[in-house]
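>>> let me see the structure of the following:
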Amino acid sequence: MSLPSKTNPKTAWNPDRLDVRAFALAGARLEAEVPLPAFERLYAEAAPADGAPASVHWQAQGEMRPAASGGAPAVWLHLEADTHVPLTCQRCLGVVDTGLTVDRWFRFVADEAAAAAEDDDCEEDLLALEPRPRLHDVLEDELLMELPLVPMHEVCPVQVPMQATDPEVDAGDTEVRKNPFAALARLKK
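This is a model prediction of the structure:
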C-alpha cells in the first residue's frame, strides 16, 4: 500500500475512521494502491487465478459545496477506484478478467436519521458523518455493486458445447419408446 498523499502534510488522514468534515474543509485528497485480498468480500467473489492477485487503485477527494437551500455548506466526498477481478465466465467456466471502475460522489449529513429522512427526496448518495466512515468499507461496497450479474467473455477462448441433453444418458437409449397410453386405448375398445 502506498502512503496516502495529503494536501496539508501536517494533517494525517486516517481512512479507517475519516473525519470527513475536516477532510472536506481542507480540500484534502487520499490515494492508495491496495492488494485485492485486503477487500475480503470482493476477493471471495474472485475465481482462482494464476499469478499475483490484482490490486485496487483508489483515491478520495473532500469538498465543501454551497447548500442548495442557502444553508450551511454541504460536505462532499468523491471516491474513484479501478481494479481487475478474475471472475468465472458463466458460459465456458474459464477465468474472465473483469474491470471494475467506481466514480461516485457522496454527500454527508449529520447522522443516520438525517440520511434516512433525506434519502427519498434527493438524487445523490447520502452517508452519515457519525459514526465516522471507514473508506475501505465504502469503497468495497461500491466495487461489489459494480460486479456483473453474469460474468462472461465477449468471445470465449474455448469452444463451448451447446447441448440441451446429457450425452451419457441419451447414448444407451437408442430404441424408440412405446406410448404407455396406447395399451389403455386398446382396452377401451
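>>> what helices or strands is the helix of greatest length in the chain leaning on?
The longest helix of the chain (DSSP state H) is helix 135-146. Applying 3 or more C-beta pairs under 8 Å, 6 or more residues apart in numbering; DSSP states H and E, we find helix 135-146 packed against helix 40-45, strand 55-65, strand 74-88, strand 95-109. Heads up, the C-betas are built off the backbone N, CA and C, glycines and all.
>>> who's in contact with that helix?
With C-beta atoms under 8 Å, 6 or more residues apart in numbering as the test, helix 135-146 has contacts from 15-16, 18, 30, 34, 38-39, 41-42, 45, 56, 58, 60, 79, 81, 83, 100-102, 104, 106, 127.
>>> any chance of TSV for the helices and strands packed on helix 135-146, columns mean pLDDT and distance to Arg186?
Output for the helices and strands packed on helix 135-146, formatted as TSV (pLDDT from 0 to 100; distance: least, C-beta to C-beta, whole Å):
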stretch	mean pLDDT	distance to Arg186
helix 40-45	95	59
strand 55-65	95	72
strand 74-88	95	54
strand 95-109	93	57
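>>> rebuild the ones you listed as TSV, extending it with mean neighbour count and distance to Pro133.
Converted to TSV, the helices and strands packed on helix 135-146 look like this (neighbours: other C-beta atoms under 10 Å; distance: least, C-beta to C-beta, whole Å):
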stretch	mean neighbour count	distance to Pro133
helix 40-45	14	16
strand 55-65	18	10
strand 74-88	19	8
strand 95-109	17	8
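>>> these into JSON lines, with extra columns for distance to Arg132?
Output for the helices and strands packed on helix 135-146, formatted as JSON lines (distance: least, C-beta to C-beta, whole Å):
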{"stretch": "helix 40-45", "distance to Arg132": "21"}
{"stretch": "strand 55-65", "distance to Arg132": "13"}
{"stretch": "strand 74-88", "distance to Arg132": "12"}
{"stretch": "strand 95-109", "distance to Arg132": "10"}
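>>> measure stretch 89-102 end to end?
End-to-end distance of stretch 89-102 (C-alpha to C-alpha, to the nearest Å): 22 Å.
>>> can you list the weak-confidence ranges in this structure?
Residues of the chain meeting the criterion pLDDT under 70: 1-11, 163-176.
>>> point to the residue nearest the middle of it.
Closest residue to the average C-alpha location of the chain: Leu144 at 1.8 Å, with C-alpha atoms, centre = their mean.
>>> give me the distance between that residue and Ala185.
According to C-beta to C-beta, to the nearest Å, Leu144 and Ala185 sit 59 Å apart.
>>> again, but for Val160
In terms of C-beta to C-beta, Val160 sits 44 Å off from Ala185.
>>> repeat for His153
52 Å.
>>> and what of Arg177?
Arg177 is 16 Å from Ala185, by C-beta to C-beta.
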